[in-house]
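Chemist: sequence and predicted structure, then a few things I'm wondering about:
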Amino acid sequence: MGEFFSNVARYPKYLISIIIGGLVALLEPFFKNRSNPLIVVGLISSVVSAFITFYFVLQAMTNPVNLQS
């Protein structure tokens with residue numbers, strides 16, 4: 001039974017490593033071209049846009065508006 005729990009404990013580490021590896025693979029081309037100012041502006045605006053979108057989605061999920069009033 002102990003072997004079962006040790007196997008189950010490995011899954012979160014595996015998930016985190018998959019997510020980090022995917023992010024690194026997606027962002028690597030942007031960091032290679034960071035000498036180009038247009039790429040830097042696009043990368044910064046994309047990150048800011050992602051945070052704003054994430055904020056509004058979480059706000060809408062946690063504070064739903066009652067439209068029937």
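Modeler: Received the coordinates, thanks.
Chemist: for the host helix or strand of residue 14, the averaged confidence score.
Modeler: Using DSSP states H and E, residue 14 falls within helix 2-32. Helix 2-32 carries an average pLDDT of 85.
Chemist: following that helix, which helix or strand comes up?
Modeler: Assigned by DSSP H and E, the successor of helix 2-32 is helix 37-62.
Chemist: so what does that following helix touch, helix or strand wise?
Modeler: helix 2-32 (3 or more Cβ pairs under 8 Å, 6 or more residues apart in numbering; DSSP states H and E). The C-beta positions use only the backbone N, C-alpha and C, and glycine is treated the same way.
Chemist: measure how the helix it packs on sits relative to helix 37-62, angle-wise.
Modeler: If you take axes from the mean of the first three to the mean of the last three Cα atoms, to 10 degrees, helix 2-32 sits at 140 degrees to helix 37-62.
Chemist: who are the packing partners of helix 2-32?
Modeler: helix 37-62.
Chemist: now the helix it packs on: how far from the chain's centre is it?
Modeler: Centroid separation for helix 37-62 versus its chain: 11 Å, with Cα atoms, centre = their mean, to the nearest Å.
Chemist: quick one: residue 19 from residue 44, how far?
Modeler: Plainly put, residue 19 is 22 Å away from residue 44 if you go by Cβ to Cβ, to the nearest Å.
Chemist: what's the domain layout of this structure?
Modeler: 1-32, 34-64 (automatic domain parsing).
Chemist: would a markdown table of the ones you listed with mean neighbour count be doable?
Modeler: Shown next, in a markdown table, are the domains of the chain (neighbours: other Cβ atoms under 10 Å):
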| stretch | mean neighbour count |
| --- | --- |
| domain 1-32 | 9 |
| domain 34-64 | 10 |
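Chemist: distance check, the most centrally placed residue in the chain against residue 30.
Modeler: Among the residues of the chain, the one closest to the centroid is residue 23, at 7.6 Å (Cα atoms, centre = their mean). Noted for residue 23: a distance of 11 Å to residue 30, by Cβ to Cβ.
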